[in-house]
Structure formats: C-alpha cells, structure tokens
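> Okay, here's the prediction I keep looking at, along with the sequence it came from:
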Amino acid sequence: MGEPEGPDGVISKSELMAALHEARAAITEHQLERWRGWGLLPAVKQVGLGRPGGSESYYPETTVEQAIEADRLFRRNRKKEFVGFELWWRGFEVDEQYWRPMLTSQSNAIAKAIRKVARLVRAAESDEKLADEVYSEVPKSIAPQAIAGAVRNIPQADFSDAFHQLFKALAGGESLEDEWRDPSEHDGRPKTTISLLGFSQSKSDAILDQRLRPDISLRSVFAAISSAKNIPDIDDTFFSGDKRLLLFRARDDVRIAFEIARNLHEALAWIYGPRAFGLKAARWFHDHAPAAAKAAIALAWMAARENAPEEFLSSEAIEDLREKSADAATNSARLKTIIERDPMLSSICSPKRLKLSMSSGLGFEDLCAEIRNIRAQQISQAQRQ
C-alpha cells in the first residue's frame, strides 16, 4: 500500500529523500533532522490520516532546495550561525536567531557611528583646529581589499577629499545635494569617489562605445548614505507586519543587485579582465561579504528607499535585470566554450581582439565577417565528408 497523498505544497519523507538523491546531494535523514532541530529547515507539517491518533509527516516542497543550499554552505563553513544567516539572506525560512540579532546589532552600531560622525562634523564647523583634525589627510591603507588596487593611483588629496564627502554624507548630507546634483561639473571628484566606492573603470570598458555611467548615480549614492541616519530603532514591532515585509524586500533587492553585478562580471571578465566595468568590488561583495556588512546594507537600503524612493528601481525592475544578466552570463559562457573548442575561432577571437572590437566597434564587422567565413568553410567541409 502506497503512502497517502499529502496536501498541495508538501512532500513526504520518501519523496524528499528521492529528490535529494536525484539532485546528487549526499544528505542523510539524520542530517536533515539535525538541521531542522537547529532551525535551519522549515518545520515538518503533521497531516491527519482521518483516524484517531493517525497522522503523517510532510515537508514543505522548498525543503529540497533549502537542504541542498544548506549542504553547500556547510561545505564552506561548518558553523551553523554562518549557514543560518546565509540561508536567510538567500530568502529561505530559518529561525530568527540566525538573523534578527545581527540586524539589531548592526542597527545599533550604525546609529552610534552616525551620531559620532554628526557630532564631529557639527563641531568642526565652529572649531578650526578640530576641522583640521577631522578633515586631515586620510591614509589609503584604510581602503578595503576589494578596492585597494583601484585607489592605488589616485592622488592623495583627491582620495582624502572623496572620503570626506562620504563622511559628510553619513553625517546628514543636506549640503551635498546641490554640489553633486550634476557630477559632470566636478570631473575629478566624482571619478575619485567612484573609485573609493569600488566602481573604477578603464577607458576601454565599453560595448560599442556605450559605457556604464556610475557618475550619474552619485546623487543616488549620497542620498542612500545620508538616509542611513533614518534607520529606525529596532524593537519587536520592527520584525512584524509591514516593517518585516519592507525589510525582507530590501534584503532581496540588495542580494539581487549584487547578483546582477556578479552575472555581468562573469559575462565580461574573460574578455575585459578581472576589473571589467568596475564590477570587481561588487563581485567580491557578492562572494565574500560578511553577514554584518550584508545586514548593514540591507538596513541602509530600506531606510534610503523609504526616504528617497525616486532614486531606486522597483523590485520588479531589479528582478527583470537579474534575469537579463543571467542570460548574458549564460550566453557569454557558451561563446567562450565555442571559441575554446574550435581552433580556427580561437585563432581570430582572442580576448584582446574581442575587447578591441566590442569596446569601440573598430573592426567589429570585419571580425563578424571572418567568423561567418570560418563557419561557411566548416559547413562546406562537413557536406563533402
């Protein structure tokens, strides 16, 4: 006699184990029970069988994907705290112990830092000696590893100035809006600030003369940074109702935004190099950022979107960009494989030539003509055989 059929959206234990086996995930029943006991997997649903004392255990269908992701994460880091937060960050249901304290801690830390910065900025306005100390030369050694290379060639004075602009934005930013409304009027300073934020690009980072323009987004960046002062105090009400939904929306938007950057970097790095289009730092964040940084950015995003919604794409638009960026990464990987497997294509489609042709359009038609000619030769040879 087979297992009774469960309600929609759930699967039996045998179906769960079969799905994991089909996915080649070496996860045992004992591991599943331990992870569930730790709050890393959704709770089991007990479904009555229609007779006294009779019930059957069923698992939400999402348990399959969540268990596979948990297994991947445990292979990276054996600490359940790491796995729990990362599962939550990816949108899975886990016990609040893995993410709620982190958000509370980061909210308090951000609020404390902003109050300190704001006090310094206000005091420096009327104290020349203090102003000299607050706005003194900032050593480049403070730059995070992800952007250290990008800031290496920035003049020291420009680096300090860019850092001070970010410092003022964090303190409130009201005085920055007009100054940075049109970045084209401040050629050097936006460029330096872009480098400090990790989005430095080379002159050849273009596709048919079209370039990413992070400079025109600086006002949005400063709006987001200055909105950090509006991060709400976290209490029990923050984790329920509309606030909870807004928090989860901000988390998903941030995660997807960095996933878009990762996809684009994946698509372009083999042609344009590891710093392609200023995406290296964003790729690093996607792959390596600690839980504290992710929590802080999600909170800042939530506050900024509430304070300046016009500066943000909708969640639907961000999701659409993710799908398109994923397609770009897939198609780029296919192109790379085709070129590597074909000696004739490899001889004319080196990354250097592809970059030259794609960035400026110089010789692009000639390259396409050569590829078509090679394809015609291959078809002709196949037909003769």
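That came through, no problem.

> Every contact and neighbour count from this point should use C-alpha atoms.
OK.

> residue ranges of the helices in the stretch 101-250 of the chain, please?
For the stretch 101-250 of the chain, helices defined by DSSP state H, counting those that start in this stretch occupy the ranges 128-134, 148-151, 156-171, 176-179, 188-196, 218-226, 241-272.

> Select from those the stretch with the lowest mean pLDDT.
With a mean of 46, helix 176-179 has the lowest mean pLDDT of the helices of the stretch 101-250 of the chain.

> helix or strand for Ala43, which one?
Secondary structure assignment for Ala43, by DSSP states H and E: no helix or strand.

> Just the pLDDT for the closest residue to it other than its chain neighbours.
Spatial nearest neighbour of Ala43, chain neighbours left out: Arg36 (6.9 Å); criterion: Cα to Cα, 6 or more residues apart in numbering. pLDDT for Arg36: 94.

> Can you name the residues in contact with whichever strand or helix holds Arg36?
Here Arg36 sits within helix 29-37, counting by DSSP H and E. Defining contact as Cα atoms under 8 Å, 6 or more residues apart in numbering, one finds that helix 29-37 is touched by Met17, Leu41, Pro42, Ala43, Ala67.

> Now with 7 Å, please.
Leu41, Pro42, Ala43 (Cα atoms under 7 Å, 6 or more residues apart in numbering).

> Phe239: neighbouring residues, count only.
For Phe239, the neighbour count with other Cα atoms under 10 Å is 16.

> cool, the one 5 residues further on as well?
A count of neighbours around Arg244, defined by other Cα under 10 Å, yields 13.

> residue boundaries of the helices in the stretch 251-385 of the chain?
Using DSSP H, counting those that start in this stretch, helices in the stretch 251-385 of the chain cover 280-288, 291-307, 315-341, 343-348, 351-360, 364-384.

> May I see those organised as CSV, with mean pLDDT, distance to Val10 and mean neighbour count added?
What follows is those, written out as CSV (pLDDT from 0 to 100; distance: least, Cα to Cα, whole Å; neighbours: other Cα atoms under 10 Å):
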stretch, mean pLDDT, distance to Val10, mean neighbour count
helix 280-288, 86, 31, 19
helix 291-307, 87, 31, 21
helix 315-341, 94, 27, 15
helix 343-348, 86, 50, 13
helix 351-360, 83, 48, 18
helix 364-384, 83, 50, 12
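
> Tell me which of these lies nearest to Gly241.
helix 291-307 (14.8 Å; Cα to Cα).

> Give me the angle between that closest one and helix 241-272.
Relative orientation of helix 291-307 and helix 241-272, computed by axes from the mean of the first three to the mean of the last three Cα atoms, to 10 degrees: 110 degrees.

> what separates helix 291-307 from the chain centre, distance-wise?
13 Å (Cα atoms, centre = their mean, to the nearest Å).

> List the residues that contact Ala317.
Under the criterion of Cα under 7 Å, 6+ apart, Ala317 has no neighbours.

> related to what we said a few turns ago, how deep is the residue nearest to Ala43 tucked in, by neighbour count?
For Arg36, the count of nearby residues is 18 (other Cα under 10 Å).

> Against Ser12, how distant is it?
According to Cα to Cα, to the nearest Å, Arg36 and Ser12 sit 15 Å apart.

> so which of the helices of the stretch 251-385 of the chain gets nearest Ala113?
Judged by Cα to Cα, the one of those that comes nearest to Ala113 is helix 291-307, at 12.1 Å.

> Mind giving me the packing neighbours of the closest one?
If you count contacts as 3 or more Cα pairs under 7 Å, 6 or more residues apart in numbering; DSSP states H and E, helix 291-307 packs onto helix 100-126, helix 218-226, helix 241-272.

> how far off helix 280-288 does that helix point, in degrees?
120 degrees.

> Numbering from 783 from now on, please.
With 783 as the first residue, the last one maps to helix 1073-1089.
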